[in-house]
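> sequence and predicted structure below; questions after.
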Amino acid sequence: PVVISGAIDASEFPPLRNFADFDYLRQRCGSKPVKVKGDLVQDRDGRKVFVTDPTVEVPFAEYLDLVEEAERKQTAPAFYMGKVPLSEELPELVEDIETAPSTPLTKYGHCFGPNPKGIHTYFGCSRNTTATHFDPSENLLLVVAGSKTFELYHPSDVDCLYPTKPPGYTNSVVPPFVAPGSMPSDLEARCPNYCHAQPVRVDLSAGDMLYLPICWWHGVTGGSERNMILNWWCEMHPRKQMVGSETEGARAALLAVKRSEAYR
């Protein structure tokens, strides 16, 4: 993984300023429906951990209202706009990104293969949290607003993370942001090997970028303020594929999962 602090600014990438402005977003595409995550559990530290892909549809302007209300009341909204494909749901924002003088992909895209999935966003507030998981793609992400904290695990930690059974094998049953050295007793009984995991914590602010290699496990939480990231999931660069193809790498990860005892 690589962190690039202050990788881009609003003069070369206006969405860094505009996407944090709710009046701008309402004017640009507030009437569009967006899918948001609604299934969640609350962890021991009070974070709302969203555990499924988006399933609930609301007008974008209504979601912005929910975020602003949560900020005013210092509460957490019941929904999280996570893993939203912008080209399908908010193409106006894709236009803003792709017409900017410079973008993360134009600056660093030569380090990756194609980006067939387009641009996704994760957008919320009040410590919105995503469960620990891995992605079968190279991940380039930019923090557009607020702050994000990642907890990263090397793929070799798979035996410590207790992946769920297929089809959800990319998720861990271990709650995010639990210190391996101070597990609750019930978790220690269910997942004893987690004490050997070696998470690396990374704090990011607006303008920072993170490169997360394929198959690295990660849990993510946002700051209490409104926070947004943009994701580009890419295939591996051809030179990296010369070392081992993406398919072979994914197969190796799956074999490691099968070797470990799977839990739901």
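Arrived safely, thanks for sending. Residues are numbered from 1 along each chain as shown.
> residues contacting the residue lying closest to residue 29 once chain neighbours are set aside?
Spatial nearest neighbour of residue 29, excluding adjacent residues (Cβ to Cβ, 6 or more residues apart in numbering): residue 92 at 4.3 Å. All C-beta atoms are positioned from the backbone trio N, CA, C, and that covers glycine. Taking Cβ atoms under 8 Å, 6 or more residues apart in numbering, we find residue 92 in contact with 28, 29, 32.
> so which of those residues sit within helices?
In this view, those that belong to helices under DSSP state H are 28, 29.
> rebuild the contacts of residue 92 as CSV, extending it with neighbour count, pLDDT and distance to residue 1.
Output for the contacts of residue 92, formatted as CSV (neighbours: other Cβ atoms under 10 Å; pLDDT from 0 to 100; distance: Cβ to Cβ, whole Å):
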residue, neighbour count, pLDDT, distance to residue 1
28, 18, 98, 32
29, 19, 97, 32
32, 14, 96, 33
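> ok, so of the contacts of residue 92, who is nearest residue 22?
residue 28 (10.4 Å; Cβ to Cβ).
> the closest one touches residue 96, doesn't it?
Yes: counting by Cβ atoms under 8 Å, residue 28 sits close enough to residue 96 to count as a contact (7.4 Å).
> please enumerate the shared neighbours of these two.
With Cβ under 8 Å, 6+ apart as the test, residue 28 and residue 96 both reach residue 18.
> I'd like to know which of the contacts of residue 92 is nearest to residue 174.
For those, the nearest to residue 174 is residue 32 (36.1 Å; Cβ to Cβ).
> residues in contact with the closest one?
Counting by Cβ under 8 Å, 6+ apart, residue 32 has contacts 59, 60, 89, 90, 92.
> equivalent analysis for residue 202, please.
Residue 202 makes contacts with 1, 3, 149, 150, 151, 152, 210, as judged by Cβ under 8 Å, 6+ apart.
> buried subset of the residues you listed, written for PyMOL?
Of those, the buried ones go into a single PyMOL selection, burial set by 16 or more other Cβ atoms under 10 Å:
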select buried, resi 149+150+151+152+210
